[in-house]
Structure formats: C-alpha cells, structure tokens
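[1] show me the folded form of this:
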Amino acid sequence: MKQNKPVLRSRRLALVVSFVAGAFVVAACQPVLPAVPRSPASASTAALVAQPGDIGWEGPAFTGSSGAPSGSKPESKIWFNDGMWWADMWDTTTNDFYIHRLDLNTQQWVRTPTQLDDRSNSRSDAMWDGTHLYVASHVFAEGSSATATGYPAELRRFSYVQSTGTYTLDAGFPVGINDARTESLVIEEDSVGRIWATWMQNAVIMVSVSAVGGTSFSAPTVLPVGSTGHVNSDDLSSVLAFSGNQIGVMWSNQNDQKMYFSHRLDSDPEGTWSAPEIAYGGNNSADDHINLKNVADQGGRILAAIKTSETGSSPLVVLLDRDPGTGTWTNHVFGLGTDNHTRPIVVVDRAQSVVHMFATSSQSGGSIYEKTAPLANISFPTGKGTPVLTDASSADINNATSTKQAVDGNSGLVVLATNDTTRQYWTHYDPLGGPPPPTTTSTSTSTSTTSTSTSTSTTSSTSTSTSTSTTLPQGATQTFVPTADAQVKSTSPTRNYGAGVTLRTRGASPSYASYLRFNVAGLTGAPTSAKLRLFITDASKDAGVVRATGTGWSELLINWNNAPLAAGPDLASLGKTVLGQWVEIDVTAALTGNGTFAFQLSQLGTDSNISASRESATPPQLVVVS
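    Purely as a prediction, here's the structure:
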C-alpha cells in the first residue's frame, strides 16, 4: 500500500458530557477536531448512557445486518484521512453499509451520505492510499470448501472532497473481483498502483490482480506455490505490500498445521511467486486467524498476528516477525491457551516504535484486551492484557478491527468491535500521548438533505445532528486509568519494565519504585477530591508513600537511572495493604485542574508491596470528583 502522509490537524483534548433522557453521559478525555463542513448524522448515532464498569464507547446499533460486521479476521474496516477517523459501518435507518466519520467531540460515529454495499450479509476490507479510498466487499460465508457462486465480490474506489468532508464514488465502479461467497477477502495496493486481492475458495488459496487504479481484475487464479491447494475449509489468506516494491500473501493450512508466506516483486511477470516460507509450524500451530502489518521504515519488516489451535499452557495467540534481510520468521507469545484469546489484530505506532496488539477473551466473546511492546525488543507481559473494550452488562464484545495504516500521536489509535448480543458497535480510542486537554465548550449543528446513488440502489435522507461538549457539572465523578505506568529497579538500572503487569515498591537492595501518569480533563478548577486506587497483588506491612513527580518520561524507556525525582513532600501514605483488595490514597493536593499528572510510589522498608499495572486486568484508577 502506498504510504499515507495526510496533513494532520492540530488537536485538543476535552471531556464530553451529553444529556440523554435527563441523565449525564460522561466520556473519557478525547481530542476535539477543528470545525469542518460535515454530512449529517443518521438516527442510529444517538448517544448511549454509559454503564458502571463499561470501558470504551457504545453505539451505534447494527440491527438488520447479519453476523458481526466488524469481522472477518484479516480485514480492516477503518482508516485515517484528513485528520479524522472513518469506517465502513451498517446504518439501521436505511439497512445499508455507509461510510461513517468518528466525531471525537461526542464519541459517536456519524453516517456520511456515501453508501457502500446494500447487502446485509456482506463484509468488507477498506484501504486509504493517500489519494483514493478502496473498499472491497463480499458476501460472507463461514468456511469455503465448496463455495457457492453468484455472489460477486466488488471493489469500489472513492475520491475524497476535502471541502465537504465526503467521499464520491469514481466513475466505472464498482468492478467485480470474483463471483464467490467467501469468509474473507483482503486487498492491497502495489507500488505500480494495481490492487491485489486474495481469498480462500473451494479449499484453495486464490489471488487476482487489477489494472492500475483497480479499474478491472484479472481472472482469479490459484496462488501458484506449494501448500495453497487442498487447505482446510476453515483456512483463509491475507495480502500485504512491503519493502516498497513487493507483495506478499500469508495463508493458514490446518491440514499440515503450518502458516505460510509467499511474495513477489512488483516488476515480476504475473504468476511469479517465491517458494513458500514456513512462518510458523508444528502440532496445532495453524488456525484461520491472520492480521498483517508492514513496518515500512525498517526495510519491509512484517508482523503477523495469528491464532493457533493450542490449549492449556501452550501459546494460543502469537505475533510473527519477519526479518526482511533473511526472510526468516521469529515468534513472540501474546497469550496462552489459558488466556482464551481469539481474533488478534496488530497495529504499529511508528513514531514511538511500539507494537499494539489486541484480542478478544473469551473465545466466544467477552472483552477486547490490549498488550504493547517496543518494536526493538518485542516481549509481551503474561496474562490477558489490559481491557480496552468491556460491556459490563453484556460480556459479548468480539471481532476487533483497526486500520491498515501505521499510527502516531497525530492520528491516535482506533479499534472498532461489536457486541453480538446487544447488536451494538463499540469503539476504543487511544490518543497515543497527545497533549494535555484544556477545558472546552463547543456546539455544532448541521442540517442537510442528501441523495446518494450506487449501482444497486438510490437513497434519500434528511437528518439533523447536534452535538455539545462541555465541562462536567460540580460533584460529577470521573475515573481515569493511567496513560503510562512502570516500575524501576536499582540492581537493573538501565532495564525498562514498562510492559510489565505489576508495580512494586521496596526500600532495601534491590530497591524498587513505581511511576504512574494520568491525563485529567473536564474540570472547572481544582477537584474537591482525587484518590489514587491500586489493586494489591502482594501485600505489605507498610507500602510506602506517594509523591508528585515529573511527567516527561516514556513508559517504554523509563529505568532506574533516568527516572524523575519526586517533586515536593509526601502526598499520602499507603500504609498496610491487603492481598486481593484495593487501596485508596488521597492525592487531592496534587491536582490543580485539567492537565497531566504523575506520581511516584516508593518506600524505605524491606517488605515489598506489589500492585497491578495498567497492563493487568485490574489497572490503577484515579477517581476525581469535580
């Protein structure tokens, strides 16, 4: 895929409050995008009341579509362009898929006038290449050993109109890719401008390539390398551009329990592919879960999030890592069979050289969990990870999807998923270390009538959307989780523990201290109360003290030697802690209003205190009352 280098808009962070049925809906601190003419919201984007224990943003609904529209595993439903996040999502008012825009002011997806596919049982893969948006849609079928025909997969190409913030379908589109109902279909653009597509059909791995610009596709062919024929009916494939001039295809083969990869130069004649590389193999080493990413600034390094068929203490979800110089693959365990992960995806933060990996637990649906690691030394902490999407009243969130693009602090990171029980979309947003938020009040209203036509249908709609963001009323309570935390150790003075699942304090050698950083927003002044809450995993007779400290440290770089000193006197004492319980520490004196605040945990005694970090299932909390 061509590198996307959009002109990124400056952003501010704000806390948002909306009124729904007379109640306040409080959202986490998020960027506020500058005003741009926008298309109207559909009725399905009404704000939903957040429930205690929820993590992430709920809504809109996808009632009327079949299955989970945020699937399938290798496909991407969202992209970043013109300083905004966009998605291919179902609209309940028209029963069609439309392009939606994420409004970070209201934490809601807003339907734009641009229709995509009108088939309720279709799935899609979306790609923004910096000039055009390509969306390939296909009718979904679970497993494709004897694929039914008469269900065309189609490619649509769109141009973006910046003045209106909308996409227009280019002339001559959609064009056909194949005529088969499949579990997945993934697209990628090579350096020439051709679109490659791959899928599994009739127990073989298929590929097709377009003319430049995607205006027509060649007849589908079997990927002409060994192990692509006679795969399992549950297998699938994915495609990726890398090294600036190559295209690669990865596929699973559950018949011989291997994950394979084959590639070609963009200048090679069609039908030319390398001998397959075994990216991962062994007993129970294959399953139909693949998500590929290109680390473009490292010579074409490739990452592949996969799921195996292992159980128990064996690796269930793994991140594969291809060395571009040798073509060899290493692997890094994300989770074991006991963690019960499924449907992993991977996203690269190129600015901070960090890999973000997400997966569902349990395998039948539950919450979406995240783990991160530095690209230079990938090693994930044990356990399920940090929950980033949880529906407290209905534990059935699954099928996480994100962008094909690399992300950074200008874009932030978005993950979209679905709750198959409530039939609602869920969204996770991470600003990736954006600036601290000022207090903001803004109101915007848009009203318009639109008419959209495609090759399949014409839709007219009239709608009005109003969004309001403001500071919290007095007495409202907010709970923040850390944007960064880490422990440091005196006997390993240059080692970083930022990806660990624990925070530790100890006075005698080896000494430990721990650091936490929070972004606080939505206040009109100093809070009336602020309490730091820690979940204890190893108790202490005297757990030490909390002090304010500097904020200019990185979670994946901080160590004993470079950790900031405490700033000022003790804020409070942790006192005696109890295993398996929360401890609350009053830090009100440290919070002056909105901004970024960091704390140091330390002690003089030899009785260690250990608490859960943000990478654990019980992350620290900062509970603030305005």
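[2] what is the burial count for Thr63?
    With neighbours defined by other CB atoms under 10 Å, the count for Thr63 comes to 12. Every residue, glycine included, has its C-beta placed from N, CA and C.
[3] wait, what's in contact with it?
    Thr63 sits next to Thr92, Arg423 when contact means CB atoms under 8 Å, 6 or more residues apart in numbering.
[4] just list whatever residues bridge to it.
    When assigned by DSSP bridges, Thr63 has beta-bridge partners Ser65.
[5] what's the pLDDT at it?
    On pLDDT, Thr63 comes in at 96.
[6] distance check, it against Thr92.
    Distance, Thr63 to Thr92, using CB to CB, to the nearest Å: 5 Å.
[7] ditto for Asn562
    Between Asn562 and Thr92 the distance is 52 Å, computed by CB to CB.
[8] of these two, give the one with the bigger neighbour count.
    Neighbour tally, Asn562 and Thr92, criterion other CB under 10 Å: the higher count belongs to Thr92, 18 against 13.
[9] phi and psi next, for that one.
    Phi and psi for Thr92, reported as degrees, to the nearest 10, are phi -80, psi -20.
[10] hmm, it is touching Pro69, no?
    No. Thr92 sits out of contact with Pro69 when judged by CB atoms under 8 Å, with a separation of 11.4 Å.
[11] shared neighbours, those two?
    Residues touching both Thr92 and Pro69 (CB under 8 Å, 6+ apart): Phe62.
[12] who does the spatially most central residue of the chain form a beta bridge with?
    Computing the C-alpha centroid of the chain and ranking residues by CA atoms, centre = their mean puts Val415 first, at 3.2 Å. Beta-bridge pairing for Val415 (DSSP bridges): His428.
[13] thinking it is in contact with Thr427, fair?
    Yes. Checked against CB under 8 Å, the pair Val415 and Thr427 is within contact range at 7.2 Å.
[14] can you list the weak-confidence ranges in the stretch 351-500 of the chain?
    Applying pLDDT under 70 to the stretch 351-500 of the chain flags residues 433-475.
[15] can you list residues touching both of Val415 and Thr427?
    Leu389.
[16] for the closest residue in space to Ser243 that isn't next to it in sequence, phi and psi?
    Leaving aside its chain neighbours, Ser243 sits nearest to Gly300 (3.0 Å; criterion: CB to CB, 6 or more residues apart in numbering). Phi and psi for Gly300, reported as degrees, to the nearest 10, are phi 90, psi 20.
[17] which residue sits closest to Met127, ignoring its sequence neighbours?
    Nearest one to Met127, counting by CB to CB, 6+ apart, is Tyr134 at 4.7 Å.
[18] the one you found touches Ala126, doesn't it?
    Yes. With contact defined as CB under 8 Å, Tyr134 reaches Ala126; the gap is 7.2 Å.
[19] state the pLDDT value of Ser72.
    Reading off the confidence values, Ser72 has pLDDT 89.
[20] contact partners for it?
    Residues in contact with Ser72 (CB under 8 Å, 6+ apart) are Arg123, Phe140, Glu183, Ser184, Leu236, Asn399.
[21] most widely separated two among the residues you listed?
    Within those, Leu236 and Asn399 form the most distant pair, 14.2 Å apart (CB to CB).
[22] between those two, which is the more surrounded one?
    Here Leu236 and Asn399 are compared on neighbour count by other CB under 10 Å; more neighbours surround Leu236, at 28 against 24.
[23] check the contact between the more buried one and Ala203; I expect there is one.
    No. Under the criterion of CB under 8 Å, Leu236 is not in contact with Ala203, lying 11.3 Å apart.
[24] how close does the closest residue to Ile99 other than its chain neighbours get to Leu102?
    Leaving aside its chain neighbours, Ile99 sits nearest to Thr114 (4.3 Å; criterion: CB to CB, 6+ apart). Thr114 is 15 Å from Leu102, where distance means CB to CB.
[25] just Gln424 next, same as before
    Distance, Gln424 to Leu102, using CB to CB: 15 Å.
[26] name the residue in those two with the higher neighbour count.
    A direct count of neighbours by other CB under 10 Å for Gln424 and Leu102 places Leu102 higher, at 24 against 20.
[27] helix or strand for the nearest residue to the more buried one once chain neighbours are set aside, which one?
    Distance criterion CB to CB, 6+ apart; nearest residue to Leu102, sequence neighbours excluded, is Trp85 at 4.1 Å. Element membership for Trp85, per DSSP states H and E: strand 84-91.
[28] which other helices and strands contact that strand?
    On a contact count with 3 or more CB pairs under 8 Å, 6 or more residues apart in numbering; DSSP states H and E, strand 84-91 meets strand 78-81, strand 96-103, strand 108-115, strand 122-128, strand 413-419.
[29] what's the offset of it from the middle of its chain?
    Remark: strand 84-91 is offset 14 Å from the chain centroid, using CA atoms, centre = their mean, to the nearest Å.
[30] and that strand with strand 96-103, angle?
    150 degrees (axes from the mean of the first three to the mean of the last three CA atoms, to 10 degrees).
[31] dump the residue contacts of the residue nearest to Ser124 when sequence neighbours are not counted.
    Spatial nearest neighbour of Ser124, excluding adjacent residues (CB to CB, 6+ apart): Ser137 at 4.3 Å. Residues near Ser137 by CB under 8 Å, 6+ apart: Phe97, Leu116, Asp117, Arg119, Ser122, Arg123, Ser124, Ala153, Glu154, Arg156.
[32] cool, Ser208 as well?
    Applying CB under 8 Å, 6+ apart to Ser208 gives the contacts Ile177, Asn178, Trp196, Ala197, Thr198, Phe217, Ser218, Ala219, Pro220, Thr221.
[33] and for Val135?
    Asp88, Leu116, Ser124, Asp125, Ala126, Met127, Leu155, Arg156, Phe158.
[34] torsion angles phi and psi at the second one?
    Geometry field for Leu116 lists phi and psi as phi -110, psi -90, criterion degrees, to the nearest 10.
[35] so what's the residue count around it?
    26.
[36] what's the answer for the one 3 residues further on, then?
    Counted with other CB under 10 Å, the neighbours of Arg119 add up to 19.
[37] could you find the closest non-adjacent residue to it?
    The shortest distance from Arg119 to any residue other than its chain neighbours is 6.1 Å, reached at Val139 (CB to CB, 6+ apart).
[38] before we move on, what about Ile368?
    Leaving out its chain neighbours, the residue that sits closest to Ile368 by CB to CB, 6+ apart is Leu389, at 3.9 Å.
[39] direction included, what does the host helix or strand of the one you found pair against?
    When elements are assigned from DSSP H and E, Leu389 belongs to strand 386-389. If you go by DSSP bridges, strand 386-389 pairs up with strand 367-374 (antiparallel).
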